[in-house]
Structure formats: C-alpha cells, structure tokens
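Novice: next one to model:
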Amino acid sequence: MNAHASMARAEPAKPIHIGEHLREWRQRRHLSQLDLAVDAEISARHLSFVETGRSAPSRDMVLKLAERLDVPLRERNVLLVAAGFAPAFPQRSLDDPALKSAREAINLVLRAHEPNPALAYDRHWNLVSANRMVAPLLEGVPQRLLGQPFNILKLAFHPEGLAPRTVNLPEWAAHLLERLHRQCEATADPELIKLYQDLKSYPIPARAAPIAPDNNVAIPFKLRHNGEVLSFISTTMVFGTPVDITLQELALETFFPADELTAERMRQMAASMK
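Specialist: Below you'll find the predicted structure:
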C-alpha cells in the first residue's frame, strides 16, 4: 500500500463514533475482527457491536483495544474522546519541569556522542536539538533553509540543501523515503503523508538498482565536505515506555563514522571547536 492510499484512508469523512475509529485502525493493521477480538480477549460479536455503534465500550476497553492495535498515544486520546471519555495522555512541552529527566537524557546522549553528529527531532522530522558536530556539516547551506525549526528531511532533499552534497543521493533518499512511508502507514498522520508527497516532488535521481550487500552493513550517508567524502552510518533511538505524547514522538538520530577518514575528520573538527 502506498502513501496515497494511506491519505485516502486518513482523510475520509470524519468518523462519527468510536466504532468507526476502531474499525479504521483495525483495517490499517490488516486485522480481522476475530484476530483483534482474540488478541484483546473479547468476543468477536461484542467487537462487531462496538464497531457498528450498537455497543458502547468502557474506557478500559478503549485503551486495551488501542494498545493491541498499537495506536499512537496522540490518537489514543482521540479514541477516548470519541467514546465520551477524557484524554488520558498528556502532551507537555519539552521545557516542562515534568520532562526534566527526559530532557537531561537527550542532552546527555547528544553531548556524549561527540565528536560525531547527533540530533533529536519530532514526529514531523522538525529539528528539536543537535550537538555541536552537526553545524560544521551544514556550512554553506542557505540560512533561510535553517530557520528554526527546520525540517530535516526537506533539508536532505532540497537542491540548495544537502542533496547536491550527498554522494549517494539516490540510495540515501530512497532509504529516507522508505522510512517515512513506514511512518505514514503506521500513523496515518496527514502531515507526514503531505511531507512524503512533498519529498517525492523533489528532483532526486531514481535508484538504479536494489542495494547490493557488497561489504556494507548498512546504507551509509556519504556527504561531500571540503573536497572529501565523509561516510556515516546512523542509528535511531526512541524512548522505550513513554506515556507522554511529546516523548513518544521524539527520536534521536546518531551518526557513526563508516571509515577511518571520517572518524579522523570528525575528531579534527571537534578539536578545532575547543
């Protein structure tokens, strides 16, 4: 299924009751009523009644079904409200005192990853924070593309951003689009789907062939910098058990040198910044 199909499902007439919401999420997860009923330990008949509006679910049942369907916390609140209950999951600013420990953990990871670049971004790939090693790699990018918050994916695809500097642009762009597509499928977030469509409109050369394993362990990000090619592999980290919407939607991307040249150049950059 492509992102356009997700968009078609994400923007129908607004669901009227909780049952329609639940049916949409169940279908999005490619589950039958029987599959979901067995997993949630309720009868398929009762689930059918809930989906058609003939039966009203309890608050606990809404939360249980949402958990089994792996519904994002933001959308679980939507389900609760549709069922006539108050939202259960808060959405705090990252500056909120209640998130102090999480904020400190993010800063610790970003600082500890130096001399290599690392950054944090929100659910729509807008930059939230970055360590000192990101800025040197963005030198020469027009300032208008770096206004806060800037979108990391748009910067990667923009013809005045990182696209012309990315040596393996077709492979790297395809990798990013595949990641974004999976997010669209998982969340049906209209803004993510629009971002996906926007990125598809950029003039990125098509990948010539499927990625061959060769000697690579992961698709690298190869960036031309000061006449050399720096090569990185990346990992993504998320909070494991969030009950706050902001934390669930936050991700940290850490980049590691894929060769000794890159490792040495990053060490030199860090030393020059002291």
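
Novice: and the lengthiest helix in the chain, what does it pack onto?
Specialist: Using DSSP state H to define each element, the chain has its longest helix at helix 169-187. Applying 3 or more C-beta pairs under 8 Å, 6 or more residues apart in numbering; DSSP states H and E, we find helix 169-187 packed against helix 3-10, helix 152-157, helix 190-200. No exception for glycine: its C-beta is placed from N, CA and C like everyone else's.

Novice: pLDDT of that helix, averaged?
Specialist: When pLDDT is averaged along helix 169-187, the result is 94.

Novice: ok, now stretch 114-122?
Specialist: 97.

Novice: that stretch: end-to-end distance?
Specialist: 21 Å (C-alpha to C-alpha, to the nearest Å).

Novice: how far is that stretch from where the chain is centred?
Specialist: How far stretch 114-122 lies from its chain's middle: 15 Å, per C-alpha atoms, centre = their mean, to the nearest Å.

Novice: again with stretch 100-110
Specialist: On C-alpha atoms, centre = their mean, the centre of stretch 100-110 falls 19 Å from that of its chain.

Novice: again with stretch 242-251
Specialist: Counting by C-alpha atoms, centre = their mean, stretch 242-251 comes out at 11 Å from the chain centroid.

Novice: tell me the buried residues in stretch 27-34?
Specialist: Using 16 or more other C-beta atoms under 10 Å as the test for burial, stretch 27-34 gives 28, 31, 33.

Novice: go ahead and confirm the last one touches residue 45.
Specialist: Read that as residue 33. No. With contact defined as C-beta atoms under 8 Å, residue 33 does not count as touching residue 45 (9.0 Å).

Novice: minimum pLDDT in the buried residues of stretch 27-34, which residue is that?
Specialist: residue 28 (93).

Novice: related to what we said a few turns ago, among the buried residues of stretch 27-34, name the ones in helices.
Specialist: Counting by DSSP H, the buried residues of stretch 27-34 contribute 28, 33 to helices.

Novice: for residue 86, state which of the buried residues of stretch 27-34 is nearest.
Specialist: Taking C-beta to C-beta as the measure, residue 86 lies nearest residue 28 of the buried residues of stretch 27-34, at 24.7 Å.

Novice: and the gap between that closest one and residue 21?
Specialist: According to C-beta to C-beta, to the nearest Å, residue 28 and residue 21 sit 11 Å apart.

Novice: what does residue 32 give?
Specialist: From residue 32 to residue 21 the distance is 17 Å (C-beta to C-beta).

Novice: contacts for stretch 132-147?
Specialist: The contact list for stretch 132-147 (C-beta atoms under 8 Å, 6 or more residues apart in numbering) reads 113-119, 154-155, 158, 160-162, 223, 225, 230, 266, 269-270, 273.

Novice: just the buried residues of these.
Specialist: 113-119, 154-155, 158, 161-162, 223, 225, 230, 266, 269-270.

Novice: so which of the residues you listed belong to strands?
Specialist: In strands, defined here by DSSP state E, the members of the buried ones among the contacts of stretch 132-147 are 118-119, 223, 225, 230.

Novice: how about low-confidence regions in the stretch 151-274 of the chain?
Specialist: Residue ranges of the stretch 151-274 of the chain with pLDDT under 70: 207-217.
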